[in-house]
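S.K.: Quick check, what structure comes out for this input:
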Amino acid sequence: GGNKELSMVLIGESGVGKTNLLSRFTRNEFNHDSRTTIGVEFSTRTIMVGDALVKAQIWDTAGLERYRAITSAYYRGAVGALLVFDITKHQTYDVVERWLKELYDHAEATIIVMLVGNKTDLAQAREVPTEEAKMFAENNGMLFVETSALDSTNVEQAFETILRGTGLPGQDRVGSVLPLPLISSPTPQAAAAPPGRKF
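M.R.: So this is what the prediction gives:
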């Protein structure tokens, strides 16, 4: 029993769909003309993990360079991060490594990171092959999933995998992540950060 509060962050380039992933998860809404996030915003949602209520505070950070100093301050207390790119824009995937390095520079060593390829509803315009992103995630100790904030595919799974993986006291973090379709679990060695870290 008992209640728990956890915070997690959404990071990645501007325009990849972080705000819509968050609104889909917390309010089941999608906004076709959502504006660029300024600085940092947050939403909350409470989920059951085992017999405990976990209140998740999810920070949506601006992808624009000029807000980096503000947004990186929110990485510190986060138990998990969704590092989001747009599968139809290769350039948003090319900078994933830079985002990961920045996250690791500011976050706790135990943070769980999931690489998220968003906008699968636009699969016909895909520029980033699933296998390529999946391999990169595995090689860098990240979980991986592809989502669509527009049609809801895997959105719940992405957030809940992070929250369940962190919300179970005394359990091995990686071992407690539920096996879900499309989410590949990195080998325990890779996931045992910090030694497995590349940065």
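S.K.: hey, let's count contacts and neighbours off CA atoms from now on
M.R.: Will do.
S.K.: Run through the chain and note the low-pLDDT ranges.
M.R.: Across the chain, the stretches falling below the confidence threshold (pLDDT under 70) are 1, 167-199.
S.K.: in it, which spans are strands?
M.R.: Under the criterion DSSP state E, the chain carries strands at the ranges 3-11, 40-49, 52-61, 80-86, 112-118, 143-146.
S.K.: Now render these as a markdown table, adding mean neighbour count and distance to residue 32.
M.R.: Supplementary listing: those in a markdown table, determined by neighbours: other C-alpha atoms under 10 Å; distance: least, C-alpha to C-alpha, whole Å:
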| stretch | mean neighbour count | distance to residue 32 |
| --- | --- | --- |
| strand 3-11 | 20 | 19 |
| strand 40-49 | 15 | 18 |
| strand 52-61 | 21 | 17 |
| strand 80-86 | 27 | 15 |
| strand 112-118 | 27 | 15 |
| strand 143-146 | 25 | 19 |
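S.K.: I'd like these laid out as JSON lines, including distance to residue 157.
M.R.: Conversion of these to JSON lines gives the following (distance: least, C-alpha to C-alpha, whole Å):
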{"stretch": "strand 3-11", "distance to residue 157": "14"}
{"stretch": "strand 40-49", "distance to residue 157": "12"}
{"stretch": "strand 52-61", "distance to residue 157": "14"}
{"stretch": "strand 80-86", "distance to residue 157": "12"}
{"stretch": "strand 112-118", "distance to residue 157": "11"}
{"stretch": "strand 143-146", "distance to residue 157": "9"}
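S.K.: Nearest to residue 72, out of these?
M.R.: Judged by C-alpha to C-alpha, the one of these that comes nearest to residue 72 is strand 52-61, at 8.6 Å.
S.K.: Would you list the strands that the closest one pairs with, along with their directions?
M.R.: Counting by DSSP bridges, the strands paired with strand 52-61 are strand 3-11 (parallel), strand 40-49 (antiparallel).
S.K.: Now do the shortest one and strand 112-118, the angle between them.
M.R.: Going by axes from the mean of the first three to the mean of the last three C-alpha atoms, to 10 degrees, strand 3-11 is angled at 50 degrees with respect to strand 112-118.
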